[in-house]
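> Give me coordinates for this.
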Amino acid sequence: MKNSFRVIIVALLIAAPALGFAQKAYKFGHVDKREIMQVLPDRDSAIVKLQKFEKELQASLLTAQEEYQAKYQKYLEERDKLDPLIKQTKEKELQGMNQNIQQYSENAQQLDQQKQNELMQPIIEKIQKAINDVGKEGGFTYIFDLSVNAVAYFSSDSQDVTELVKQKLNIKAPAAKPAAGAKK
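Numbers count the residues shown, from 1 in each chain. A predicted model of the protein is given here:
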């Protein structure tokens with residue numbers, strides 16, 4: 001009798017945490033970060049800054065290409081009259097300029113990507129903080145991002161928190177457009 005009582009007590013001690021675990025309700029949500037990013041005013045100013053930066057890079061590249069083309073045209077006009085040593089020197093100079101332009105173009109792409117990351121990272125962090133806040137305040141276990149296409153399925157039990165995140169970021173919903181043919 002004592003042994004069976006001990007077995008029952010041990011079984012209850014082992015099962016108790018499992019029973020408590022099974023009773024915990026999980027709360028799932030989903031959000032579309034891309035949708036939030038599209039309507040966030042910070043994004044617009046970042047895009048303007050990025051476009052300005054890209055125009056500056058393109059202007060520098062265009063200037064270098066125009067300078068190269070002018071020197072190349074002049075070389076083509078003079079090459080038959082040039083001394084072989086001067087001709088060889090000018091060809092090396094043109095090759096060097098061409099290589100510099102190619103290198104600048106590659107560097108410009110890297111700089112553009114770095115600038116984009118620099119401008120967008122604070123915005124991404126701001127959105128993530130709002131999602132974290134909504135998750136904590138709403139008691140969510142998980143909030144999945146639908147914009148990364150990593151979630152293959154979610155049920156109707158999953159709550160869309162996109163609007164809650166927009167509210168947390170003080171993003172106002174755009175005014176509703178009147179339906180086609182509706183009277184004003």
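
> Put the alpha carbons of stretch 31-43 into PDB.
In PDB, the C-alpha atoms belonging to stretch 31-43 read as follows (Å, rounded to 0.1, in the frame of the first residue of the first chain):
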ATOM      1  CA  VAL A  31       2.200  41.200 -39.400                       C
ATOM      2  CA  ASP A  32       3.100  42.400 -42.900                       C
ATOM      3  CA  LYS A  33       6.300  44.400 -42.400                       C
ATOM      4  CA  ARG A  34       6.400  45.300 -46.100                       C
ATOM      5  CA  GLU A  35       3.000  46.900 -45.900                       C
ATOM      6  CA  ILE A  36       4.100  48.900 -42.800                       C
ATOM      7  CA  MET A  37       7.300  50.000 -44.500                       C
ATOM      8  CA  GLN A  38       5.400  51.200 -47.600                       C
ATOM      9  CA  VAL A  39       3.300  53.700 -45.500                       C
ATOM     10  CA  LEU A  40       5.900  54.800 -43.000                       C
ATOM     11  CA  PRO A  41       6.800  58.500 -43.500                       C
ATOM     12  CA  ASP A  42      10.400  57.800 -42.500                       C
ATOM     13  CA  ARG A  43      10.900  55.600 -45.500                       C
END
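
> residue ranges with poor pLDDT in this protein?
Low-confidence segments of the chain (pLDDT under 70): 1-24, 150, 152, 154, 173-184.

> At which residues are the strands of it located?
Applying DSSP state E to the chain gives strands spanning 28-31, 142-145, 159-160.

> Rebuild the ones you listed as TSV, extending it with mean neighbour count.
Every residue, glycine included, has its C-beta placed from N, CA and C. Shown next, in TSV, are the strands of the chain (neighbours: other C-beta atoms under 10 Å):
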stretch	mean neighbour count
strand 28-31	20
strand 142-145	17
strand 159-160	16
